[in-house]
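Chemist: Sequence unavailable; structure follows:
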């Protein structure tokens, strides 16, 4: 793609300098018009080259990686939901009546 851009730049420079010479009128003894036209053409071509190089550099630059944040801490269950879970554990026979009383007291004391 770089070769294609270079050939386009050369073609644009030739076309610009030719058109400037055609419309500049007859050459003067000091050729100031041709000199100014050449300077303008070179400025345009240099700007095109710099823009092309910048675009190519940006195309090959890796995309920035997203910043990874630590996962949010899960919300602590409310005291009411803790008591409901405790009731379900006791009703299912997963904990003893003494464990139920101890855990219930701990939940209520932490309020």
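Modeler: Everything's here; your move. It should be emphasised that the depicted structure is a prediction, and the values quoted were computed from it without experimental measurement.
Chemist: CA atoms for contacts and neighbours, from now on please.
Modeler: OK.
Chemist: quick one, helices of the protein?
Modeler: 2-23, 32-60, 79-91, 97-109 (DSSP state H).
Chemist: With mean neighbour count, mean pLDDT and distance to residue 68 added, can I get those in a markdown table?
Modeler: Below are those laid out as a markdown table (neighbours: other CA atoms under 10 Å; pLDDT from 0 to 100; distance: least, CA to CA, whole Å):
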| stretch | mean neighbour count | mean pLDDT | distance to residue 68 |
| --- | --- | --- | --- |
| helix 2-23 | 14 | 58 | 37 |
| helix 32-60 | 14 | 81 | 24 |
| helix 79-91 | 14 | 92 | 32 |
| helix 97-109 | 13 | 92 | 35 |
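Chemist: Residue 73: which of those helices is closest?
Modeler: Set against residue 73 and scored by CA to CA, the helices of the chain come closest in helix 79-91, at 17.6 Å.
Chemist: Give me the contacts around that closest one.
Modeler: 95-97, 100, 103-104, 107-108, 111 (CA atoms under 8 Å, 6 or more residues apart in numbering).
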